[in-house]
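[1] Let me see the structure of the following:
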Amino acid sequence: MKRRYFVKRFAASALAAALLPAARAAELAAEPAPVPGAPIAGGKPVHVLVGFPPGGGTDTVARLLADKLAVQLGQPVVVDNRPGAGGQIAAQLLKNARPDGLTLFFSHDHTISILPLVVRQPGFDPVKDFTQVAGVASFANTFAVSAATPANSLDEYMAWARQQDGRGSSVGIPAPASVPEFLVKVLSQKYGADLLPVPYRGTAPMVADMLGNQISAGIGSVPEFIENHRAGKLRVLATLGPQRQKTLPEVPTFAELGLRGFEDLPYYGFFAPKGTPQDALDALSEAIRRVMADPGVQDRLDRIGLTPEYMSAAQLTARARAYEGTWSRIIRESGFQPQ
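    Predicted structure coming up:
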């Protein structure tokens, strides 16, 4: 009898021990993620500068990540939109910000890798004035047309544009002297079409004009076009990148259409002022890493057309330099002179 009681007790204990890790794992999953170290600068709000207007792709991603970062850091994270000059205004503010870890700049490739190539005096130097914190994603630029434009392929659009004699062949771009502007020039040369790049202050107003049929086409990132494409309000005709986008499997790449050299994808990342303490940078980078490991965040970014991809400071630095190298050649070959 005692032996039977002992065996039962032992079996129950063994079962409890076996279930304990699973139970603890469930508890941990339900608990808030631990804060990596002490709050930055006493827990004051962290301001994330965004160089483009509210409602655009960059702003949307910044706000999603800011909400999650606030949980990880245990302190408020506020998005601060400072649109203008392709992110130049926000970048200058970052340069002059106190390097205490409380001011970050969330940006894509244009401000970091392209502006220094096309503007003589941008008012900042990404190498001397900024410190990379972490990268979060890559994305593809796309060529889209308004619903009223009678074209269902890039070839059809170019044939239509050649017949316009300068009427209706304007292509919207989110900023002057940007990657989309140089892409317009390359497309004009390849197809013999007189395409006119029309610069906007960000993609949001450009998309608004496309939806209103005020402009026939535009170039922007997948996140900025995807929902309107799905709704049939715009049509994406081609994407950059080495392969078709998972969210747009029906849309060919420029390489498939015979236009190669645009396979290197742009990126999104966080940057801080030079001189920011290493412990603050480490805390921020770790918080971003935790956010990017969240399946919910990955799914949300994936659905809007981004490729979630955490990059350390070193990896983001290498990515930015490689991208700059690719486009410096394209810009130079276009004959463009820095303004």
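
[2] quick check: longest strand of this structure.
    strand 130-138 (DSSP state E).

[3] can you give me the mean pLDDT across the helix or strand that comes right after that one?
    Using DSSP states H and E, the next helix or strand after strand 130-138 towards the C-terminus is strand 141-146. Averaging pLDDT along strand 141-146 gives 96.

[4] so what secondary structure elements neighbour strand 141-146?
    helix 154-162, helix 179-191, helix 203-211, strand 217-221, helix 222-230, strand 234-239 (3 or more C-beta pairs under 8 Å, 6 or more residues apart in numbering; DSSP states H and E). C-betas here are computed from N, CA, C, even on glycine.

[5] Need those in TSV (columns: mean pLDDT).
    TSV is the format used below for the helices and strands packed on strand 141-146 (pLDDT from 0 to 100):
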stretch	mean pLDDT
helix 154-162	94
helix 179-191	91
helix 203-211	93
strand 217-221	94
helix 222-230	92
strand 234-239	97
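
[6] Burial-wise, tell me which of those comes out on top.
    With neighbours taken as mean count of other C-beta atoms under 10 Å, these reach their highest mean count in strand 217-221, at a mean of 27.

[7] what residues does that one touch?
    57, 108, 139-146, 149, 157, 170-174, 180, 183-184, 203, 206-207, 209-210, 266, 305 (C-beta atoms under 8 Å, 6 or more residues apart in numbering).

[8] Which residue lies nearest the spatial centre of this structure?
    Y268 (3.8 Å; C-alpha atoms, centre = their mean).

[9] Which element, helix or strand, includes that one?
    Counting by DSSP H and E, Y268 is found in strand 267-273.

[10] For that strand, list the C-alpha coordinates in PDB.
    Output of strand 267-273 as PDB, limited to C-alpha atoms (Å, rounded to 0.1, in the frame of the first residue of the first chain):
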ATOM      1  CA  TYR A 267      15.900  50.000 -45.900                       C
ATOM      2  CA  TYR A 268      14.400  51.500 -42.700                       C
ATOM      3  CA  GLY A 269      16.400  52.200 -39.600                       C
ATOM      4  CA  PHE A 270      16.800  54.200 -36.400                       C
ATOM      5  CA  PHE A 271      19.600  56.800 -36.000                       C
ATOM      6  CA  ALA A 272      20.800  58.900 -33.000                       C
ATOM      7  CA  PRO A 273      23.000  62.000 -32.700                       C
END
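
[11] quick one on the thing from earlier: elements contacting the longest strand of the chain?
    helix 57-73, helix 88-96, strand 267-273, helix 278-292, strand 307-311, helix 313-333.

[12] quick one: average pLDDT of that strand?
    Rounded mean pLDDT across strand 130-138 is 97.

[13] what are the C-alpha coordinates of that strand, in PDB please?
    Written as PDB, here are the backbone C-alpha positions of strand 130-138 (Å, rounded to 0.1, in the frame of the first residue of the first chain):
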ATOM      1  CA  PHE A 130      24.800  60.300 -36.800                       C
ATOM      2  CA  THR A 131      25.200  57.000 -35.000                       C
ATOM      3  CA  GLN A 132      23.300  54.000 -36.300                       C
ATOM      4  CA  VAL A 133      21.100  52.400 -33.700                       C
ATOM      5  CA  ALA A 134      19.400  49.500 -35.600                       C
ATOM      6  CA  GLY A 135      17.700  48.600 -38.800                       C
ATOM      7  CA  VAL A 136      14.200  47.200 -39.000                       C
ATOM      8  CA  ALA A 137      13.200  46.300 -42.500                       C
ATOM      9  CA  SER A 138      13.800  46.500 -46.200                       C
END
